[in-house]
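Q: the following block contains a protein sequence and its predicted model.
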Amino acid sequence: MTENQVIEETEKKQKPLMKKFLQVVNNHELSHSYLFNGEEGVGKLSLALFITMRMFCKNVSDDSMPCGHCDECRRIAEQQHPDVVIIKPDGLSIKVDQIRYLKSEFSKSGLEGNQKFFIVCDAEKMTTGAANSLLKFIEEPGANIVSFLLTTNKNLILPTIISRTQVVDLNPLNTKAFNEELANLGVIPSQFKIIKRLTNQMSTIQAWQEDEWLTKIISAISQWFSMLVQRDKTSFVLVQSNIMPLVSDNSKRQVVIDMLLSIFEDVLDAKYTGSKDYNFPKQAQNIEQLSESINEAKLIQIMEVILNCNNQMAVNVSFQNILEATTLKIMKILNS
Amino acid sequence: MSYQALYRVWRPQRFDDVIGQDVITTTLKNAIVTNQLSHAYLFAGPRGTGKTSAAKILAKAINCPNQKDGEPCNECEICESITNGTLNDVIEIDAASNNGVEEIRDVRDKAKYAPTQATYKVYIIDEVHMLSTGAFNALLKTLEEPPAHVIFILATTEPQKIPATIISRVQRFDFKRITANDILGRMEFILNDKKIDYDDKALKVIAKAAEGGMRDALSILDQVLSFGFDKVTYENALQVTGSVTKSLLSKYLTNVVNHDVKDALSDVRQMLESGKDAARFVEDLIKYCQDILLYQQSPEMVEESELGVIDEEFKQLTSIVDAQRVYRMIVDLNDIQNQMRYTMHPDVYLDVLTVKLSTDNQQIDSPAPAQSQPDFQPASASNVDNQMVQQLNDQVARLQKQVEELTKNGVSANNGGNAASEPARRPAAKKPSGSSNNARVNLTKIYPVLDNATRQDLTNIQNIWDELLSGLDVTKRALMNVSKPVAASHDGVVVSFEYPFLFQKASTDEELQDALGNGLDRILSYVPDFVFIPAEQWPEIRKGYIVAQKNSGKDVREESENSSVENSDQNDDNNNEKQDNEPKIVKQATQLFGEDIIDVKDD
């Protein structure tokens, strides 16, 4: 990210919070430790970098924005500043050694100024050991040390850590602005809603868009769903023939599960709220047909089956097995 | 000086400042006054209840030269340097990052040396549950009999992880969660001291969200202050804690109780869109349900725990909902709460939860929900008794109807399910033996096999069955997987299939029969005929056969002497002759266990 991107992105994604933090900084009330909680792509890192830039910037503008040009700002944005340490998961988790390094780094005073900032990305991925050794440190760090922990799921953070931080919940992005950006990327409007449901991260969406993966997977899942609605057993085969070839890496598995969930959420919506604003607008007919022919007990059972997929993924069940089993279970529920 | 968080500024410096732990602070003070200090303490308890603070105060109190009634003076040099963490004789160790044996050896070695300034050397080992097993054991001996000038204070949030040998060597103090009232008092005290305006209701929200942790409360308060121009307002408090207003909770629950799925769902959606925390919402709901239960039993208790705020909606809700329903709701809420920890999409869980809760009665009352819906939707909830009677009546009526249908049709639920999936083929099936699913059970082929059946043959076939199946290719094996041989003679085998559908497939599949024949030829070097039957008809066929035997007279009986037939109870039918002279009890036993394993002794 370049320095201007940081400022722009923060301004676009989290304007109210940005303003609040500027106020806090102006009142000299910046606490020593924050936990930013929010979905992927809502701008946690850029908000943290922005505040850091504000604190380091040499020529803060009149409306107390960082200038974005001085070498402090630039180095922070490029994550090269010696007094701003950023910890990211090493492999699947953040290990004790990384936290030890952090602590040793912060037992020294700032290299260039008198303040030091650290940012822990994906804080929920800290190992137990790492999280515990962070405890004492973030409770009473030295003077002028500020920490930002960024997480997508604060329920997985140790409660003892949470109680030592100020928790800031970042809201999902504003729908209208988000849609505009999607349109810029060339996404077709019927896919806006489902994308918003899946991620807020523009770079991810761009990657999906490149080889039209998104369109393909949506049509694969739509077909699967329409087969299910017809109680057609070929839906089982579709898993292998249509869906699996599109699921090449881990991150996409989660997306597929989320899509399955959202299509049944549509059914739920159709049944109870009568809203026509579906995640899968092209499947409206099937969705409504299913919603009329199914009772809530079965629908809930189906959704629970799909929700359970996440647990199975966590214990490394092969993804094709999960999907196929899910298909069969849904079929059984529909037919029972 | 940079800004310091409230919980650091207002860390208690005297035992009297430690809120809500009177038993512990009094005990410690008395121990100091009467000079009965132990050499090792364990402070255990949830986060933010004052463990580390108490440890530091204790360190000060025993070292302070001007200590009075067990309280440190907080003015002398020693007290101040302990507060700042600069006194060499009070050593605070973070066990989480120094969790190895090496570090503990270091502690052990240095413990020998006398203190430099203070009277006692105090080791405060925080987060002690993170020590490795080796480290714990290295600590054992020192902890048991340390030098006279050394005191150990261990602090942890997870006492269950501490080895029993450690616990038996220390005096253990369990810190309680701080009650909402105490937290409220402390916050009021701090805000008054800082001369900041506050909203009473806001503080109550914070006090409850803190879940008994003082530090949590002060962290939240800090945040509310910094986000709200140094004012504490109700809206800010709700926003920061992600809590939902009481009235929204009441509204949601009223909708749920009235089975108003649509409105309840829209409540949930609205709440999530306004940025509330789903986990907190479930937490709040559980608390609310608990309050309902409590209120039905003793209204005073709720008034106390709710800090005196009870609105009309709550009272109305408690009067219309019955306790059983609330129990079930709490169970569901608990489940969802556990599952929600690991998801990024709590909204789906909340949707599922809402529908589940709202349709609660329908599920419980009707195992066959398809027919039940219209009866239950309206439920004006004004009169619980009438409603329940009505529900029970409906339920009875429905059950009666079901029983009637069952007696009329005599179709088991199982058949129904299969019939639905195979509607095309079923109707063509004939019914030779009166039972519904008989496709083409060929009795003329079965009886000869049964006539000549012997246990020996059956056991042979059973033994090689697995081997036979593994010789088949995958599709055939899949078909035969649920089959088992139930009777066999030298010339024929009766194979039963668990599912009628597979039986149909198998009996029309000549390729399969050939493959089986080839397999048997390879293994046994003779080829019996195969007869397929569905498992559920086997008992009937067997009975029919026995009746036929009896009718056809004595010669059949003679034949049956060495014939053997197996049914699900491992019951042999070949002992007609013996039965005549056997006592009744032996007969029954034989029937139950089969002849093979019964050894009759006369004494």
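A: In hand now; what should we look at?
Q: make it CA atoms for all contacts and neighbour counts henceforth
A: Fine.
Q: can you give me the strands for chain A?
A: In chain A, the strands defined using DSSP state E lie at A:33-37, A:84-87, A:116-120, A:145-151, A:166-169.
Q: count of neighbours near the residue of the stretch 151-300 of chain B found nearest chain A?
A: Closest contact between the stretch 151-300 of chain B and chain A, by CA to the nearest CA, is at residue B:216 (4.5 Å). Residue B:216 has 27 neighbours, counted by other CA atoms under 10 Å in any protein chain shown.
Q: likewise residue B:358?
A: 25.
Q: isn't it right next to residue B:254, touching?
A: No - look at residue B:358 against residue B:254 with CA atoms under 8 Å: they stay out of range, at 9.8 Å.
Q: tell me the secondary structure at residue B:486.
A: For residue B:486, the assignment made with DSSP: H, G, I helix; E, B strand; the rest coil gives strand.
Q: that one: neighbouring residues, count only.
A: 22.
Q: pretty sure it sits against residue B:458.
A: Yes - Residue B:486 lies in contact with residue B:458 (CA under 8 Å); the separation is 7.3 Å.
Q: and the stretch 101-250 of chain A, which of its residues are near chain B?
A: A:129-130, A:132-133, A:136, A:140, A:143-144, A:152-153, A:155-156, A:159-160, A:162-169, A:171 (CA under 8 Å from any CA of the partner chain).
Q: strands of the stretch 451-600 of chain B, start to end?
A: B:483-488, B:492-497, B:529-534 (DSSP state E, counting those that start in this stretch).
Q: in stretch A:97-104, what's buried?
A: By 16 or more other CA atoms under 10 Å in any protein chain shown, the buried positions in stretch A:97-104 come out as A:98, A:99, A:100, A:102, A:103.
Q: please disregard the earlier target; I meant stretch B:187-196.
A: Buried residues in stretch B:187-196 (16+ other CA under 10 Å): B:187, B:188.
Q: for the record, mean pLDDT for it?
A: On average, the pLDDT along stretch B:187-196 is 89.
Q: quick one on the thing from earlier: so which of the buried residues of stretch A:97-104 belong to helices?
A: A:98, A:99, A:100, A:102, A:103 (DSSP state H).
Q: if we can go back for a sec, lowest average pLDDT across the strands of chain A?
A: Lowest mean pLDDT within those: strand A:166-169, a mean of 86.
Q: show me what that one is packed against.
A: If contacts are counted by 3 or more CA pairs under 8 Å, 6 or more residues apart in numbering or on different chains; DSSP states H and E, strand A:166-169 sits against strand A:33-37, helix B:214-227.
Q: could I get the pLDDT score of the closest residue to residue A:103 other than its chain neighbours?
A: Of all residues not flanking residue A:103 in the chain, residue A:137 sits nearest, at 7.3 Å (CA to CA, 6 or more residues apart in numbering or on different chains). For residue A:137, the pLDDT comes out at 81.
Q: and residue A:23, by the same measure?
A: For residue A:23, the pLDDT comes out at 83.
Q: who touches the residue most central in space within chain A in this structure?
A: Residue closest to the average C-alpha location in chain A (CA atoms, centre = their mean): residue A:40, at 1.8 Å. Applying CA atoms under 8 Å, 6 or more residues apart in numbering or on different chains to residue A:40 gives the contacts A:152, A:199, A:200, A:201.
Q: and the residue nearest to residue A:194 when sequence neighbours are not counted, how far from residue A:192?
A: Distances taken as CA to CA, 6+ apart put residue A:279 closest to residue A:194, at 4.8 Å, once the chain neighbours are dropped. With distances taken as CA to CA, to the nearest Å, residue A:279 is found 8 Å from residue A:192.
Q: follow-up on the earlier one: would you point out the most distant pair within the buried residues of stretch A:97-104?
A: Using CA to CA, the two most remote members of these are A:98 and A:103, lying 8.7 Å apart.
Q: next, count neighbours for the residue nearest to residue A:194.
A: Using other CA under 10 Å, residue A:279 is surrounded by 22 other residues.
Q: kindly report the same for the one 3 residues further on.
A: A count of neighbours around residue A:282, defined by other CA under 10 Å, yields 14.
Q: what's the answer for the one 10 residues further on, then?
A: Here the neighbour count serves as a burial measure; for residue A:292 (other CA under 10 Å) it reads 12.
Q: ditto for residue A:26
A: Using other CA under 10 Å, residue A:26 has 12 other residues around it.
Q: who are the neighbours in contact with it?
A: Residue A:26 is in contact with residue A:64, counting by CA under 8 Å, 6+ apart.
Q: what parts of the stretch 101-250 of chain B come near chain A?
A: Applying CA under 8 Å from any CA, one finds that the stretch 101-250 of chain B approaches chain A through B:127, B:130, B:213, B:215, B:216, B:219, B:220, B:222, B:223, B:226, B:227, B:240.
Q: list the residues that contact the residue nearest to residue B:498 when sequence neighbours are not counted.
A: Closest residue in space to residue B:498, ignoring its immediate chain neighbours: residue B:535 at 5.1 Å, by CA to CA, 6+ apart. Contacts of residue B:535 were listed using CA under 8 Å, 6+ apart, and they are B:496, B:497, B:498, B:499, B:500.
Q: got it, and residue B:120?
A: B:62, B:63, B:89, B:149, B:150, B:151.
Q: report the separation between it and residue B:73.
A: 17 Å.
Q: one more: residue B:249?
A: Look at residue B:249 and residue B:73: by CA to CA, they are 48 Å apart.
Q: next, count neighbours for the closest residue to residue B:516 other than its chain neighbours.
A: Leaving aside its chain neighbours, residue B:516 sits nearest to residue B:468 (7.3 Å; criterion: CA to CA, 6+ apart). Neighbour count of residue B:468, defined by other CA under 10 Å: 20.
Q: try the one 3 residues further on
A: Other residues within reach of residue B:471 by the criterion other CA under 10 Å amount to 15.
Q: got the contact list for the nearest residue to it once chain neighbours are set aside?
A: Excluding the flanking residues, the one nearest residue B:471 by CA to CA, 6+ apart is residue B:519, at 6.8 Å. Residue B:519 makes contacts with B:468, B:471, B:472, as judged by CA under 8 Å, 6+ apart.
Q: on that earlier part again, quickly list what's touching both of residue B:486 and residue B:458.
A: Common neighbours of residue B:486 and residue B:458, using CA under 8 Å, 6+ apart, do not exist here.
Q: which positions within whichever helix or strand residue B:254 is part of qualify as buried?
A: Residue B:254 belongs to helix B:246-257 when assigned by DSSP states H and E. Using 16+ other CA under 10 Å as the burial criterion, the residues of helix B:246-257 that qualify are B:246, B:249, B:250, B:251, B:252, B:253, B:254, B:255, B:256, B:257.
Q: which helix or strand in chain B has the lowest average pLDDT?
A: helix B:373-376 (a mean of 41; mean pLDDT, DSSP states H and E).
Q: domains of chain B?
A: B:6-174, B:180-241, B:246-365, B:381-410, B:439-597 (automatic domain parsing).
Q: how far does the helix holding residue B:254 sit from its chain's centre?
A: Relative to the centre of its chain, helix B:246-257 is centred 26 Å away, using CA atoms, centre = their mean, to the nearest Å.
Q: give me the contact list for it.
A: By CA under 8 Å, 6+ apart, helix B:246-257 touches B:261, B:263-264, B:267-268, B:285, B:288, B:313-314, B:317, B:321, B:354, B:357-358, B:381.
Q: and it, average pLDDT?
A: Here helix B:246-257 scores 84 as its mean pLDDT.
Q: residues of the helix or strand harbouring residue B:300 that come out buried?
A: Per DSSP H and E: residue B:300 is located in helix B:299-305. Using 16+ other CA under 10 Å as the test for burial, helix B:299-305 gives residue B:302.
Q: helices or strands up against that helix?
A: Helices and strands touching helix B:299-305, by 3+ CA pairs under 8 Å, 6+ apart, are helix B:278-297.
Q: low-confidence stretches in the stretch 201-336 of chain A?
A: Low-confidence segments of the stretch 201-336 of chain A (pLDDT under 70): none present.
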